[in-house]
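>>> Sequence first, predicted coordinates after that:
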Amino acid sequence: MPGFFGGIEAPELFRPPEPEAEDAEEERGEGTAPGSRVRRAAGWLLGRRRRAHGQAPDAAPEEEAAPVGARGFAHPFLLLAAVLLIAGAAFGWLVALALGWLIAYGSRRLSPGQVRTAVFVLPGLAAAGGIAWLWGRVEGRWGAAVATGGDGMGQALTETWPWTLRAAALASAAYLLLRARRP
């Protein structure tokens with residue numbers, strides 16, 4: 001339908017839940033439903049466990065106070081890609097670098113913009129940094145000046161490209177680790 005952008009809103013979905021019938025049965029002592037027994041047993045076990053750790057039974061443990069989404073990593077393939085990129089950068093394994101970028105490129109967890117950033121933009125920035133480094137060496141602005149002659153630039157490029165590739169891999173791995181965290 002043209003102009004339709006929303007969904008159906010049901011006001012009862014936004015109200016707090018009403019007490020269930022099981023709670024009323026438990027108050028009267030008729031809690032024979034299997035669900036009510038499980039709840040009572042879980043409450044007893046949690047209270048006992050909290051007492052063993054020196055907490056009051058009514059106090060919530062500190063780890064439950066933190067939202068579950070704020071802990072750990074949620075996307076193992078992004079972690080695998082980051083580990084491959086880090087290992088490839090550390091040991092000079094080109095196959096590991098290629099696999100890391102290939103996994104990141106094929107990831108369904110990243111949006112198309114995030115894929116472009118991880119696989120093309122960050123390595124492109126590292127390549128631009130390598131080119132700027134070579135330009136500065138040719139102009140004599142920093143580093144050892146590039147030797148004149150046919151082999152001078154080839155030698156400088158041979159010295160620069162492994163570090164540029166490592167910087168690209170580490171930048172992509174850091175970005176993938178950031179994206180792999182739980183939202």
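Yep, it's here. This structure is a prediction, so every number in the text was calculated from the model and none was measured. Numbering: from 1, shown residues only.
>>> Next up, the contacts around Tyr161.
Not Tyr; residue 161 is Trp. Applying CB atoms under 8 Å, 6 or more residues apart in numbering to Trp161 gives the contacts Gly130. From N, CA and C alone the C-beta is placed, and that goes for glycine too.
>>> Make sure it is indeed in a helix.
Yes - counting by DSSP: H, G, I helix; E, B strand; the rest coil, Trp161 is part of a helix.
>>> ok, and for stretch 108-116, which residues are buried?
By neighbour count on 16 or more other CB atoms under 10 Å, the buried set for stretch 108-116 is 110, 114-115.
>>> Span of that stretch from start to end?
With CA to CA, to the nearest Å as the measure, stretch 108-116 spans 13 Å from end to end.
>>> Now that stretch: average pLDDT?
Model confidence over stretch 108-116, given as mean pLDDT, is 94.
>>> One more: stretch 176-183?
86.
>>> Give the buried residues for that stretch.
176-177, 179-180.
>>> swap in stretch 118-125?
Neighbour count says stretch 118-125 has 118-119, 121-123 buried, by 16+ other CB under 10 Å.
>>> So which of those residues is the closest to Leu102?
Val119 (8.7 Å; CB to CB).
>>> Against Thr148, how distant is Arg182?
Going from Arg182 to Thr148 by CB to CB, to the nearest Å gives 55 Å.
>>> Please flag which of the buried residues of stretch 118-125 sit within helices.
Among the buried residues of stretch 118-125, the subset assigned to helices under DSSP state H consists of 122-123.
>>> Where does pLDDT dip in the chain?
The model of the chain has pLDDT under 70 over residues 1, 4, 6, 19-38, 41-71, 183.
>>> repeat that with 80
1-73, 148-150, 182-183 (pLDDT under 80).
>>> need the helices for it, in chain order.
In the chain, the helices defined using DSSP H lie at 21-28, 34-52, 62-65, 76-91, 94-105, 112-116, 122-139, 150-180.
>>> list the buried ones in the last one?
This means helix 150-180. So for helix 150-180, counting by 16+ other CB under 10 Å, buried means 156, 160, 164-173, 175-177, 179-180.
>>> Could you check the angle that helix makes with helix 122-139?
150 degrees (axes from the mean of the first three to the mean of the last three CA atoms, to 10 degrees).
>>> still on that earlier bit, turn the helices of the chain into TSV, columns for distance to Phe14.
Below are the helices of the chain laid out as TSV (distance: least, CB to CB, whole Å):
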stretch	distance to Phe14
helix 21-28	22
helix 34-52	25
helix 62-65	25
helix 76-91	34
helix 94-105	39
helix 112-116	32
helix 122-139	42
helix 150-180	32
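>>> Figure out which of the ones you listed is closest to Pro2.
Closest among the helices of the chain, using CB to CB: helix 112-116, at 26.6 Å.
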